[in-house]
Structure formats: structure tokens, C-alpha cells
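Novice: please find the sequence and the predicted model below.
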Amino acid sequence: MLKRYRLLMISIFIGVIGISITPFFDSVVVTPDYDLTKHRLGLPLPIIEQNTWLTPLDDAFPFELGLVSPQENPTKILIGNYLLLVVAAVGTVYMILVWMKGLSKRIR
């Protein structure tokens with residue numbers, strides 16, 4: 001029982017950290033139609049939304065935009081997407097760890 005609890009805690013840690021860092025690796029190609037006031041980042045679903053104050057020049061399009069400074073641009077977490085992704089990641093990691101534990105017992 002204690003080992004399954006440890007596996008669950010490890011899974012939660014990996015799931016939360018893994019999902020929380022995805023906006024740092026995501027970027028969006030900005031075109032003239034793109035709404036910069038709702039700049040969303042995260043993989044595979046957006047988990048943060050930034051209200052950017054950028055006003056690019058007309059000849060700057062298209063350009064790639066990633067995470068901008070949250071101190072200068074209001075940022076909010078899309079809690080529904082975040083929780084959905086964390087639960088999915090925790091479940092997946094937990095199943096993989098239980099499978100690896102079972103496999104290691106069979107090998108011995």
C-alpha cells in the first residue's frame with residue numbers, strides 16, 4: 001500500500017511539473033488576424049492566456065511569439081485545461097510506473 005502511495009506522489013509531481021512547463025516550449029505564429037489580447041500557450045491544450053500590449057508594424061507579419069513577460073502582460077491560468085491535462089498526465093505516469101514495477105518483479 002505504501003509503495004502505491006509513493007508511486008502516486010511521484011506521478012503527481014511529474015504530472016504537475018511536466019504540464020506546468022509546457023508554455024515555455026510553445027510558440028504561436030502571429031498573423032494580422034491573430035488576437036494578441038488572447039495569446040494562449042501550452043501543449044497539447046493552452047493552459048495560460050496572456051493579454052499582450054504588443055503593436056507590431058504591418059511589415060512584421062508573420063512572426064513567432066512565445067511566452068512574454070507576465071510582469072508586463074496580464075496572465076491567467078485556464079484552470080479547466082490545466083486540471084484536465086494534469087489528471088491525464090498523472091494517470092499516464094502512474095500506469096507506466098505500475099507497469100515498470102510489475103515488469104521488474106517478473107524479471108527478478
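Specialist: Thanks, I have it. For clarity, every value in this text was computed on a predicted model and none was experimentally measured.
Novice: only C-alpha atoms from now on, for both contacts and neighbour counts.
Specialist: OK.
Novice: helix, strand or coil for residue 97?
Specialist: helix (DSSP: H, G, I helix; E, B strand; the rest coil).
Novice: could you measure from it over to residue 17?
Specialist: Per CA to CA, to the nearest Å, residue 97 is found 17 Å from residue 17.
Novice: neighbour count for the two, which is higher?
Specialist: Comparing residue 97 with residue 17 by other CA atoms under 10 Å, the one with more neighbours is residue 97, at 17 against 12.
Novice: test my guess that that one contacts residue 7.
Specialist: Yes. The pair residue 97 and residue 7 qualifies as a contact (CA atoms under 8 Å) at a distance of 6.8 Å.
Novice: ranges for the strands of this structure?
Specialist: Along the chain, counting by DSSP state E, strands occupy 28-30, 39-41, 48-50, 63-65, 75-77.
Novice: contact partners for the closest residue in space to residue 24 that isn't next to it in sequence?
Specialist: Nearest non-adjacent residue to residue 24, counting by CA to CA, 6 or more residues apart in numbering: residue 67, 6.3 Å away. By CA atoms under 8 Å, 6 or more residues apart in numbering, the contact set of residue 67 is 23-24, 26-27, 41.
Novice: save those as TSV, and put in distance to residue 11 too.
Specialist: Output for those, formatted as TSV (distance: CA to CA, whole Å):
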residue	distance to residue 11
23	20
24	21
26	23
27	27
41	23
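Novice: sorry, back to before: need the winner for burial among the strands of the chain.
Specialist: strand 39-41 (a mean of 23; mean count of other CA atoms under 10 Å).
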